[in-house]
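Peer 1: The following comprises the amino acid sequence and a computationally predicted model.
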Amino acid sequence: MPRFAAGVVKFQNEVYPQKKELFEQLSKGQAPEALFITCSDSRIETAMITQTEPGDLFIVRNAGNIVPPHTSHTGGVTAAIEFAVAALNVPHIVICGHTECGAMKGAMNPEGLDALPHVKEWLGYAKAAVEVVGAKGEGLSDEARMKMLLEQNVVLQLQHLKTHPKVAMRLATGDLQLHGWVYDIKTGGVDAFDEGKNEFMPVDQRYAAEMAKLATGGCAA
Ligand SMILES: [Zn+2]
């Protein structure tokens, strides 16, 4: 019996009874706080990192936390975005990349992906980020270039997100916020993009103003 199947039995016997009310409430509908787009990497545990409960995050995962730019072509990511933004009316969208990302390593060295043609084509959506690193990362260490790629890929996918009509519409009416994050698998750190400053900074710094408001009991939007 695989461990994950044994886990279901444990969940039903030990975890579910403690949260029975929450699950019964959730059976009536969902109103997630965010559409959370991250990598499929097994080392990212979204609920643990964000300390959220079932019902809090509408999640899309794929290799490289990629959002293809909008076209007339229907894809899984596009449909999920449309549903989250126009049907569930999520107030936030997070794109969360991460350190040690195999997809981003592949994007940096696409010649090594000939045996994985779909992965290779998919990572074409990160090509502009690779180009930015090529232009701005000259002379930097491999490690620094990879950090730059992880961040630039998140910034690029945020740009792609804005090409989706329902996202553009909600941004125009001012009731949708976009967030770009990079999660560090080894340290548990999360850096968040500050669009005004055009840089990534630790999440507690990025959201310092909102956290101060929360602490003083002010209105937390
Ligand atoms: Zn990854």
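Peer 2: Okay, I see it. Residues are numbered from 1 along each chain as shown.

Peer 1: Show me where this protein has its helices.
Peer 2: Secondary structure of the chain by DSSP state H: the helices cover 3-10, 20-26, 46-50, 76-82, 102-108, 117-122, 127-136, 142-161, 165-172, 203-206, 208-215.

Peer 1: Quick one: list the elements packing against the third one.
Peer 2: With contacts defined as 3 or more Cβ pairs under 8 Å, 6 or more residues apart in numbering; DSSP states H and E, helix 46-50 has these neighbours: strand 34-39, strand 57-62. In this view, the C-beta of every residue, glycine as well, is placed from N, C-alpha and C.

Peer 1: Could you do the longest one as well?
Peer 2: The elements that helix 142-161 packs onto, with contact taken as 3+ Cβ pairs under 8 Å, 6+ apart, are strand 92-98, helix 102-108, helix 127-136, strand 177-183, strand 190-194.

Peer 1: Try it again at 7 Å.
Peer 2: For helix 142-161, the packing partners by 3 or more Cβ pairs under 7 Å, 6 or more residues apart in numbering; DSSP states H and E come out as strand 92-98, helix 102-108, helix 127-136, strand 177-183.

Peer 1: which residues touch V132?
Peer 2: Q152 (Cβ atoms under 7 Å, 6 or more residues apart in numbering).

Peer 1: what's the neighbour count on A103?
Peer 2: By the measure other Cβ atoms under 10 Å, the count of residues near A103 is 23.

Peer 1: List every C-alpha atom in stretch 195-211, with coordinates, as CSV.
Peer 2: In CSV, the C-alpha atoms belonging to stretch 195-211 read as follows (Å, rounded to 0.1, in the frame of the first residue of the first chain):
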residue,chain,number,x,y,z
GLU,A,195,6.2,46.5,-8.7
GLY,A,196,6.8,50.1,-7.6
LYS,A,197,10.4,49.4,-6.7
ASN,A,198,10.9,46.8,-9.4
GLU,A,199,12.6,44.4,-7.0
PHE,A,200,12.0,41.3,-4.8
MET,A,201,12.2,41.6,-1.1
PRO,A,202,11.4,39.4,1.9
VAL,A,203,7.6,38.9,2.2
ASP,A,204,7.4,40.6,5.7
GLN,A,205,9.0,43.7,4.2
ARG,A,206,6.9,43.7,1.1
TYR,A,207,3.7,43.5,3.1
ALA,A,208,4.9,45.6,6.1
ALA,A,209,2.3,48.3,5.7
GLU,A,210,-0.6,45.7,5.5
MET,A,211,0.8,43.8,8.5
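
Peer 1: buried stuff in it?
Peer 2: F200, V203, R206, Y207 (16 or more other Cβ atoms under 10 Å).

Peer 1: Now do the third one against P68, distance only.
Peer 2: Applying Cβ to Cβ, to the nearest Å, the value for R206 to P68 is 26 Å.

Peer 1: In PDB, list the C-alpha atoms belonging to stretch 100-113.
Peer 2: Output in PDB follows, covering the C-alpha atoms of stretch 100-113 (Å, rounded to 0.1, in the frame of the first residue of the first chain):
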ATOM      1  CA  GLU A 100      16.100  24.500  -7.300                       C
ATOM      2  CA  CYS A 101      13.400  24.600 -10.000                       C
ATOM      3  CA  GLY A 102      14.100  21.900 -12.600                       C
ATOM      4  CA  ALA A 103      11.900  23.700 -15.200                       C
ATOM      5  CA  MET A 104      13.900  26.900 -14.900                       C
ATOM      6  CA  LYS A 105      17.200  24.900 -15.100                       C
ATOM      7  CA  GLY A 106      15.800  23.400 -18.300                       C
ATOM      8  CA  ALA A 107      14.800  26.800 -19.600                       C
ATOM      9  CA  MET A 108      18.300  28.000 -19.100                       C
ATOM     10  CA  ASN A 109      19.700  24.900 -21.000                       C
ATOM     11  CA  PRO A 110      17.000  23.900 -23.500                       C
ATOM     12  CA  GLU A 111      19.500  21.800 -25.500                       C
ATOM     13  CA  GLY A 112      19.400  19.200 -22.700                       C
ATOM     14  CA  LEU A 113      15.600  18.800 -23.200                       C
END
